[in-house]
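Colleague: Sequence first, then the predicted structure, then my questions.
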Amino acid sequence: MSYVEMHPENPQARLVNTVVDLLERGGTIALPTDSGYAIATKAGNKAGMDTIRSIRKLDDKHNFSLLCHSFAQLGELVIIDNHEFRTMKALTPGPYTFILRGTKEVPRIMLNKKKHTVGVRIPDHVITQAIVEALGEPLACSTLIMPGEDEPLTDGFDVDDRIGHLVDLVVVGPVGVAEPTTVIDFAGGDAVVARVGAGDVSLFD
């Protein structure tokens, strides 16, 4: 089984559990999000992260993001001040990645070695949310942009054709938009728009 097709509004519990079991065993998946497809594995799973780097042809300096289910889950992973909290609450769930200093709850291999920062996101996507909620912990993820390309893949069957043999499972479902997340970097104290993507940046004008 190289892919499962999930209902976009009511993901089948049986299929969600299949995906979670696979992730618990150290698997790597491709899944739709609100900003194109992503490749994901359990946070701290080095073999899974190596698989993702191999597919995307990334070096070991690539920063993964933590895909979270809720703000409560995210709050255990990063250090957030009141201003950052208000900004992030206004933008989540949504197609944003926030760069913040990580807490001790974040696996060391997930942290930026120099800055001790990590990217976190709470996607506005029913299928992704169902999987992360059932898993009970965040996923390490990277936007599925193939080497030499600029935009993330957006069609699950295309993803299966191209990398289905390289991951353990492709979750087929609709994506939000065909752009990577907008990246907001709080690491320096102020909100800096590090990448303009699917998320509206007018709040930062």
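Modeller: Great, that's in hand. Numbers count the residues shown, from 1 in each chain.
Colleague: quick one: the strands in this structure?
Modeller: In the chain, the strands defined using DSSP state E lie at 3-5, 28-33, 36-42, 65-67, 96-101, 117-121, 139-143, 169-172, 182-185, 192-195.
Colleague: So which residues make contact with the last one?
Modeller: Yep, that's strand 192-195 we're talking about. Applying CB atoms under 8 Å, 6 or more residues apart in numbering, the contact partners of strand 192-195 are 99, 180-186, 201, 204. Bear in mind the C-beta positions are built from the backbone N, C-alpha and C, glycine included.
Colleague: try 6 Å this time
Modeller: For strand 192-195, the external contacting residues (CB atoms under 6 Å, 6 or more residues apart in numbering) are 183, 185, 201, 204.
Colleague: so what strands line up beside that strand?
Modeller: strand 182-185 (antiparallel) (DSSP bridges).
Colleague: Contacts made by the strand it pairs with with the rest, please.
Modeller: So strand 182-185 is contacted by 96-99, 191-192, 194-197, 199, 201 (CB under 6 Å, 6+ apart).
Colleague: Stretch 20-27 too?
Modeller: With CB under 6 Å, 6+ apart as the contact definition, stretch 20-27 has outside contacts at 42, 45, 134-135, 168-169.
Colleague: Off-centre distance for that stretch?
Modeller: The chain centre lies 16 Å from the centre of stretch 20-27; the measure is CA atoms, centre = their mean, to the nearest Å.
Colleague: Can you show me the CA trace of it as CSV?
Modeller: Only the C-alpha atoms of stretch 20-27 are listed here, as CSV (Å, rounded to 0.1, in the frame of the first residue of the first chain):
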residue,chain,number,x,y,z
VAL,A,20,-0.4,6.9,13.1
ASP,A,21,0.7,3.2,13.6
LEU,A,22,3.1,3.7,10.7
LEU,A,23,4.5,6.9,12.2
GLU,A,24,4.8,5.2,15.6
ARG,A,25,7.0,2.5,14.0
GLY,A,26,9.3,5.1,12.6
GLY,A,27,7.7,5.6,9.2
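Colleague: could you give the mean pLDDT of that stretch?
Modeller: Stretch 20-27 shows a mean pLDDT of 97.
Colleague: quick revisit: quick check, nearest of the contacts of stretch 20-27 to Val126?
Modeller: Each of these was checked against Val126 using CB to CB; the closest is Ala134, at 12.5 Å.
Colleague: Surely the closest one and Leu15 touch.
Modeller: No: Ala134 is beyond contact range of Leu15, at 10.4 Å (criterion: CB atoms under 6 Å).
Colleague: got a list of contacts for the lowest-mean-pLDDT helix or strand in the chain?
Modeller: Across the helices and strands of the chain, mean confidence by mean pLDDT, DSSP states H and E is lowest for helix 71-75: a mean of 87. Under the contact criterion CB under 6 Å, 6+ apart, helix 71-75 has outside partners 68, 120.
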